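Peer 1: sequence? don't have it. structure:
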Ligand code: EPZ
């Protein structure tokens, strides 16, 4: 429940990145002994990942933001449908299980609220490393004696595919070259983490990654990078409410595309010690965006930026190029008085003077965030249901926003 209209003020601290923590948790399957990952956010997706590791036989202990994982006694090789359907990132166990145990059985994820999201490129890459893959009753079954390094050229830069292949190739025999690899900061962190375990990976963060396979890896000790999407969401929260907020732990270089667009919209953005200071403008200027892979404008910020554009003084166009169905928030924003028209893969947004509070429904993680942002700027009360989507990726969001002055509270549905 949000009573909007309060300009947010103060400092908010960004948590560890969900999309970095998930592959790191699964990377611990690659080694015997106890791994420790810190700055792990308390999120529903992290709990799902921990549950999956535990089902595979890993010993997992969480204390505050630290997570100890001992994968010495793995007994299972299966990621069941029940877990994969709640979190697609569960497919990231495929690479590590196959590389280490020569077998993996992972439920095919199926479609999802934002698009078809196949995993064909993960599978093609693993096949190129010598894995035998077949489909059995909705499950991918993969086997290999030992993976053998190969040259893999991705048809498109896939984040999860690059991560799965990095983990698989780390223990393969010989050299693997990944071409057209994803460049996201989460890939760079995973490669650095694998190298700290003894892997030999060069070029992460560029389109071509070289991996010299090794026979064994050591346990992992690392700290998860800050969540650039959570940071970006707070930046927009400050801008849309007419606020003045320091977003602490945000890494500017991970957010250049968003920051460029915020500046174009007239938002004040200044780098400060360990973060970014956001000052809302009197008038929000309309800005066009086109989502793309890193370092382009992140698809995971598209819904939130659209919320901001509903308040702009003029018309903007937002084009989604990464996922084919990522406009589910549009109908809900329209219920709050936003003027948005869908035109194929683009949305045309005519700014309105005032959004009005309304009951709305969350459909996926970032769509929920856009509704929270709209609610913070709207008059009266906005009631957002199905906020379990929000809990997948935003740690204590209502507490963090309330500390900035927002009138927001969680109620039992
Ligand atoms: C990651 O998903 C993120 N998830 C997503 O975050 C994010 O939206 C996405 O990357 C893009 O940045 C995690 O990191 C856990 P992709 P991922 O493979 O790896 C197509 C959030 O809100 N594709 O880079 O699944 C695919 O359909 C989420 O936190 C294939 O065609 O994304 C999509 O159109 C949601 N075949 C495009 O590539 C494949 O085998 C990019 O997907 C793989 C992908």
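Peer 2: Okay, I see it. Given the structure is predicted, the values throughout are model-derived calculations rather than measurements.
Peer 1: Now do the same for stretch 348-358: mean pLDDT, whole number.
Peer 2: On average, the pLDDT along stretch 348-358 is 97.
Peer 1: May I see the buried residues of it?
Peer 2: Under the neighbour-count criterion of 16 or more other CB atoms under 10 Å, stretch 348-358 has 349, 351, 355, 356, 357, 358 buried. Heads up, the C-betas are built off the backbone N, CA and C, glycines and all.
Peer 1: from these, which is closest to the ligand?
Peer 2: Using CB to the nearest ligand atom, the shortest approach to the ligand within the buried residues of stretch 348-358 belongs to residue 349, at 20.6 Å.
Peer 1: Surely that closest one is within a strand?
Peer 2: Yes: counting by DSSP: H, G, I helix; E, B strand; the rest coil, residue 349 is part of a strand.
Peer 1: Now do the same contact list for the residue nearest to it when sequence neighbours are not counted.
Peer 2: Sequence neighbours aside, residue 309 is the residue nearest to residue 349 in space, at 4.5 Å (criterion: CB to CB, 6 or more residues apart in numbering). Residues in contact with residue 309 (CB atoms under 8 Å, 6 or more residues apart in numbering) are 284, 286, 287, 316, 318, 349, 351.
Peer 1: Near the second one, how many other residues are there?
Peer 2: In other words, residue 286. Neighbour count of residue 286, defined by other CB atoms under 10 Å: 19.
Peer 1: State the distance from it to residue 320.
Peer 2: 17 Å (CB to CB, to the nearest Å).
Peer 1: same thing with the first one?
Peer 2: In this view, residue 284 and residue 320 are 21 Å apart by CB to CB.
Peer 1: List the buried residues for stretch 238-256?
Peer 2: Buried residues in stretch 238-256, defined by neighbour count with 16+ other CB under 10 Å: 238-251, 254-255.
Peer 1: Looking at those, which are in strands?
Peer 2: 244, 245, 246, 247, 248 (DSSP state E).
Peer 1: okay, the last one: pLDDT?
Peer 2: Here the pLDDT value assigned to residue 248 is 97.
Peer 1: looking at the sheet around it, what are its partners?
Peer 2: residue 13, residue 275 (DSSP bridges).
Peer 1: Could you work out the end-to-end span of stretch 65-81 for me?
Peer 2: With CA to CA, to the nearest Å as the measure, the ends of stretch 65-81 fall 28 Å from one another.
Peer 1: now do stretch 138-155
Peer 2: 24 Å.
Peer 1: swap in stretch 346-362?
Peer 2: End to end - CA to CA - stretch 346-362 spans 20 Å.
Peer 1: Need the contact partners of stretch 326-337.
Peer 2: Residues outside stretch 326-337 that contact it (CB under 8 Å, 6+ apart) are 113-115, 299, 302-303, 306-307, 310, 320, 338, 340, 342, 347, 352, 354-364, 366-367, 370-371, 374-375, 378, 382.
Peer 1: chain center to it, what's the gap?
Peer 2: 21 Å (CA atoms, centre = their mean, to the nearest Å).
Peer 1: what about that stretch, near the ligand?
Peer 2: No: Stretch 326-337 lies apart from the ligand when judged by CB under 6 Å from any ligand atom; the minimum separation is 8.4 Å.
Peer 1: the domain parsing of the protein - what is it?
Peer 2: Here the domain parsing of the chain from automatic domain parsing is 2-15+226-408, 18-223.
Peer 1: Spell out the residue ranges of the strands in the stretch 201-350 of the chain.
Peer 2: 209-212, 221-223, 244-248, 268-272, 275-279, 289-290, 315-319, 339-343, 346-350 (DSSP state E, counting those that start in this stretch).
Peer 1: could I get those strands as CSV with distance to the ligand?
Peer 2: Output for the strands of the stretch 201-350 of the chain, formatted as CSV (distance: least, CB to the nearest ligand atom, whole Å):
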stretch, distance to the ligand
strand 209-212, 15
strand 221-223, 17
strand 244-248, 18
strand 268-272, 22
strand 275-279, 20
strand 289-290, 14
strand 315-319, 14
strand 339-343, 18
strand 346-350, 16
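Peer 1: Sounds good, over and out.
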